[in-house]
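>>> Quick one, fold the following:
(one chain, ligands or ions: 1)
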Amino acid sequence: MLAIGMSVETPIPAPHTQTPVMRQFFAAKQAHPDCLLFFRMGDFYELFYDDAILVARELQISLTARDREKAIPMCGVPYHAAENYLQKLLRRGYRIAMCEQLEDPKLTKTLVRRGVTRVLTPGTALDSSLAANDNTFLAALTLNTKSDAAGVAALDLSTGEFRATEFHGKSAIKEAVDELHRLAPREILLATNLRLGSAQTTLNGEEDETLPAAATKTPLEDWVFTADYALPLLQQHFRANSLDGFGLGTHASAATAAGALLHYLRATHHEDLEHLDSLGYYERATCLELDAVSVRNLELTEPLFSGESNQTTLLYTLDACRTPMGKRLLRSTLLRPSIDPMQIAARLDSVAEAHASLPKRETLRRALDGILDLERLLARIALDSAGPRDVVALCRTLSALPGVLYGAKEFSQGRWSALTQEFDTLEELCGQIGRTLVEDPPLKLGEGDAIAQNVDAEMDELRGLSRSGRESIAAIEDRERERTGISSLKVRFNSVFGYYLEITKSNLANVPADYERKQTLVNAERFTTPELKDYERKILTAQDRIAEIERRIFVDLRRTILEAAHRMRETARRVAEIDLLANFAHLAALRNWTRPVIEEDSTVLEFTEARHPVVELRLEESALGRFTPNSGFLDATNGPSLALITGPNMGGKSTYLRMAAMLAVMAQCGCFVPAASLRIGLVDRIFTRIGASDNVARGRSTFMVEMTETAAILNTATARSLILLDEMGRGTATYDGLSLAWATVEHLHNKIGARTLFATHYHELTLLHEQLTRLTNLRVACRETPTGIVFLHTVESGAADRSYGIEVAKLAGLPREVIDRARSVLKLHEKVETQQVHAQAAPAPSMQMTIFTPLSQRVVDRVRELDVDRMTPMEALQLLSELKREISE
Ligand SMILES: Nc1ncnc2c1ncn2[C@@H]1O[C@H](COP(=O)(O)OP(=O)(O)OP(=O)(O)O)[C@@H](O)[C@H]1O
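Okay, the predicted model is just below:
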């Protein structure tokens, strides 16, 4: 993707050959070389030179030329329809500078002054078409290689959400990059010296540290990322003497990244930032950690393959929120489930209470329906892009707050009382907006009456004057028609000529002598009279003055609203949580979910009759059948800690694995779960190695990705983690894969001890349960029928007897010939294997043990207990012969 660094090469003609307007263009372009320059000329934004060529191609609009020689390519978009075009370009990663006319062309006889008033970038531009549950993050990454620290800050300008975090140690960069993947920002600011490429931007040349490809990378000069510059900038913005209050006092890297964001906002002409009234320091360790791979694999918020419907995501399945704030909170909660048992319990208490009462819950949810996007409305007002209609929308939302409070007050358990105590409904502000603005104002100021009656006496009087003036003018039309006998005579208005009398050519003979000619058209002449001029002056002066007063009152109102911004954001935060809790309660009741039992000290994962929430819903919606519930038990402390799951392809192994992760995520989010029961010891991290994530674009093979992900698991998992490994090792030669899977299972079992679900087609692994006491074998059941294999989707204990790959291939429609041939090849292999096994069993001295035949545990135990020093040679020989007999049985 072409993004930053696309600086368009514009050839600059010698100044004396430039027209005055093009001189203005070049000055603006030189000041913003990395932006597409939208240059306002009358009713159009024009683009020139390479900007024009690029934009014409991207937007599929026609390319013309400005001069006769056709040396200056040009294209343009109408001013009033620019928004759509701008958003399209921003979504593709371009930066845009808006060069506006700084004075009214009507009021100046010379060249209109022009200047860049806004710089739009993918991470800072407001996008009205943005989905409610989406965040548009602008992020900054700062690195301190000397102290091995990395800071990440993220800001959603459209909601005012602003947070920062930092990482330390050898893997600081990797963790920071991982965090950026989770945030999925539209734009990332980074120091120039970090920028090594564009689409493939890598840090320190390490493959692992590839920045999210979809984000525009914006390099800023290195000094912006210094604490000396960035920290005072933050303090100044928050009018604070120190950053301790934000939890940033001892986190210089996080604060520096946040400061760099502020710097960038100012550099892109964002001066009104009142709604950015808080900045939160957060640490990944304070929540259930989900690395970017797991978030992707589990399809928590995005479908695995971009472009697919989002119906496969957990977010879609869990989102019956009524407000945009609730939807966004749901998304961020899913990405950061809690690890604080008190917090989870408080949420579950609240959900349980709301779950118990349908009427109360519905009253609350209906009240929430009236709430619009409080945060985004406030942000638009702060950024001065809101018109009167937005302010009225804000007022409507504020007026729905008492209803929400009333509904939420019906509950008292868990979070409810904290959420409703001192809930600020901002009634006085709502009242003030209601009194100041008319009920249905125009979108923009100046496009009709926006300010209500009785707000300003002078304005009321002027409106009266203007109205009576217009009435008098209407009366003139009737009177003059009568006086002249011209029935087609009209009184009209336009912004260039003001009021005039229009008479068609055929009636010109009857024009009275006191009419003054104003303009000649093809079919008509336009006239004025002293009386008309007089009214026109009165009306226009009144209207100018009305516009002035309206603007003044609107600016005052905006200031009053912004003074309450902090209170409003606090209310918005509470509304979001109220909505989230009500949503969880609603889903629990609707889908028959149950309250999970969270245990702080145990490492159990026990579920009965559990369902995968997404697959279950999809099966229901598509009427394809019902989900078969399954149970499971793992205990990292007392065993079994690791379950090996075998069974046919399509049997439901992956679904079972993912279901376990979903249950953990949902439970720790404070949501009820789709199971008859769930008991879970707090999980600190979820690791997944599921399926083959296609990473060829990043230059890594499927196998390499798989091994990198497995390495991350083996190096970082703890006994509290939940690990899901699906078909590990299949991306390479069978025996390499099997050996790696074998060693991984042993390591997980012996060294890590985390709750692990390991789905595999390597049947050899199931023999491990003889040696590994905390390993259990599970299989997905299927039944062979004369017409083919039937999947039962039931998970039961025991190992699958064989793999059924050929039966599944038959279902998939492989040609009969291929199936038959595969069967005979398989038979041949099985025969060879059986012979090998017999050979191993024979007491020949050349017997070769394959690595995958586990030694009998009894033999191992006996050898282990031996005290060789105390044995006579005879005893040793005798033992050897006994052992040999035993393993030959
Ligand atoms: N418990 C269940 N109840 C009903 N349908 C299920 C269940 N589990 C899985 N399925 C259905 O079976 C399909 C295959 O499941 P899944 O992908 O989990 O199989 P798998 O054993 O992992 O297959 P493979 O080994 O080929 O990866 C799913 O798409 C799902 O629709």
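>>> what about the closest residue to the ligand within the stretch 301-450 of the chain, neighbour count?
For the stretch 301-450 of the chain, the residue closest to the ligand is Thr312, as judged by CB to the nearest ligand atom, at 10.3 Å. C-betas here are computed from N, CA, C, even on glycine. For Thr312, the neighbour count with other CB atoms under 10 Å is 16.
>>> per-residue confidence for it?
pLDDT for Thr312: 89.
>>> Enumerate every residue touching it.
Glu299, Pro303, Leu304, Val614, Arg618 (CB atoms under 8 Å, 6 or more residues apart in numbering).
>>> Which residue in those residues has the weakest pLDDT?
Among the contacts of Thr312, pLDDT bottoms out at Leu304, giving 83.
>>> I'd say that residue and Arg296 touch.
Yes. Using CB atoms under 8 Å, Leu304 is in contact with Arg296, at 6.6 Å.
>>> Looking at these two, which has the bigger crowd around it?
Comparing Leu304 with Arg296 by other CB under 10 Å, the one with more neighbours is Arg296, at 19 against 15.
>>> got the residues of the protein near the ligand?
Taking CB under 6 Å from any ligand atom as the criterion, the chain approaches the ligand at residues 615, 627-628, 630, 649-655, 780, 793.
>>> Filter the residues you listed down to the ones in strands?
Asn630, Val780, His793 (DSSP state E).
>>> Low-confidence regions, the protein specifically.
1-16, 68-70, 128-132, 194-209, 691-701, 731-733, 831-857, 889 (pLDDT under 70).
>>> List the buried residues in the lengthiest helix in it.
The longest helix of the chain (DSSP state H) is helix 530-563. Neighbour counts over helix 530-563 (16 or more other CB atoms under 10 Å) mark 532, 535-536, 538-539, 542-543, 545-546, 549-550, 553-554, 557-558, 561-562 as buried.
>>> Please apply the same query to stretch 48-61.
Buried residues in stretch 48-61, counted by 16+ other CB under 10 Å: Phe48, Tyr49, Asp50, Asp51, Ala52, Ile53, Leu54, Val55, Ala56, Leu59.
>>> Closest to Pro105 out of these?
Phe48 (19.4 Å; CB to CB).
>>> residues contacting the closest one?
Thr10, Met22, Phe25, Leu37, Phe39, Arg66, Ile72, Pro73, Met74.
>>> Check Ala257 too.
Contact analysis of Ala257 by CB under 8 Å, 6+ apart lists Ala140, Leu141, Thr142, Gly151, Val152, Ala153, Ala164, Glu166, Phe225, Ala230.
>>> ok, which stretches of the stretch 501-650 of the chain are helices?
530-563, 565-591, 613-621 (DSSP state H, counting those that start in this stretch).
>>> Leu624: neighbouring residues, count only.
Neighbourhood size, Leu624 [other CB under 10 Å]: 9.
>>> Now do the contacts for the closest residue to it other than its chain neighbours.
Leaving out its chain neighbours, the residue that sits closest to Leu624 by CB to CB, 6 or more residues apart in numbering is Arg618, at 7.9 Å. Contacts for Arg618 (CB under 8 Å, 6+ apart) come out as Gln311, Thr312, Leu624.
>>> And Leu642, by the same measure?
Leu634, Val745, Leu748, His749, Arg755, Thr756, Leu757, Phe758, Leu772, Arg774, Leu775, Thr776.
>>> three-state assignment of the residue nearest to it when sequence neighbours are not counted?
In this structure, Leu642 finds its nearest non-sequential neighbour in Thr756, 4.3 Å apart by CB to CB, 6+ apart. Assigned state for Thr756: strand (three-state reduction, DSSP: H, G, I helix; E, B strand; the rest coil).
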